[in-house]
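Asks: Dropping a prediction and its sequence here:
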Amino acid sequence: MIFEEKTTSTKHIFKGRIIDVSVDTVLLPDGKVATRELVKHPGGVCIVAYDDGFIYLVKQYRKPYDSVVTELPAGKLEYGEDPLECGKRELLEEVGMTAANFISLGKFYSSPGFCSETIYAYLATDLKKVGQKLDEDEYLDVMKVKFSDAVDMVMKGEICDGKSVSAILKADRILNKM
């Protein structure tokens, strides 16, 4: 069976600094017509900054949840930006570190039902502290946590952020094979 949907029209609803929202009319494989509400997002990167059995997490307020969220250092890609370069930048900005080695943990879709955001994840090792360089509108606390405790935090639901859950569990698999 062919699963592809053909877009017959697009209505642009909102163009923002981070996202664009549109409603597409699509032709389904069976010939019926449907609408798709879509959010276009440039994507992002998260970093598992691993240092001798520990990783770095950040705690920051996230408005959509109206609470402080524990997550990996991460950031938004600029359109056309290399994901690894974005990850290096975010590691420096948020945690104040550079890394000699980066291992790709792959990519994943944050919410494929309506959003185009693709997250790229990396395991960073051989870290060097150089000083945090937060964006002017960024407020966060950095935590150094035993990696095994971070995995436990994921399993207990204390880390709920999807990119962090996925990357931590992927890194756990890789680190347990090293």
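Replies: Great, that's in hand.
Asks: So which residues of the chain form helices?
Replies: Residue ranges of the helices in the chain, as given by DSSP state H, are 83-90, 147-155, 162-175.
Asks: Any idea which of those gets closest to residue 8?
Replies: Ranking the helices of the chain by proximity to residue 8 (Cβ to Cβ) places helix 162-175 first, at 31.7 Å. C-beta: built from backbone N, CA, C; applies to glycine.
Asks: Show residues contacting the closest one.
Replies: With contact meaning Cβ atoms under 8 Å, 6 or more residues apart in numbering, helix 162-175 is reached by 44, 46-48, 50, 55, 57, 70-72, 74, 103, 105-106, 108, 110, 119, 121, 123, 147, 150-151, 154, 159.
Asks: Now go through these and say which are in strands.
Replies: Among those, the members found in strands (DSSP state E) are 44, 46-48, 50, 55, 57, 70-71, 74, 103, 105-106, 108, 119, 121, 123.
Asks: List only buried entries from those.
Replies: By neighbour count, with 16 or more other Cβ atoms under 10 Å, the ones in strands among the contacts of helix 162-175 hold 44, 46-48, 50, 55, 57, 70-71, 74, 103, 105, 108, 119, 121, 123 as buried.
Asks: Out of those residues, which is nearest to residue 135?
Replies: For those, the nearest to residue 135 is residue 74 (12.5 Å; Cβ to Cβ).
Asks: In contact with residue 25, which residues are there?
Replies: 7-11, 33-35.
Asks: For residue 57, give me its contacts.
Replies: Going by Cβ under 8 Å, 6+ apart, residue 57 touches 70-73, 142-143, 145, 150, 159, 164.
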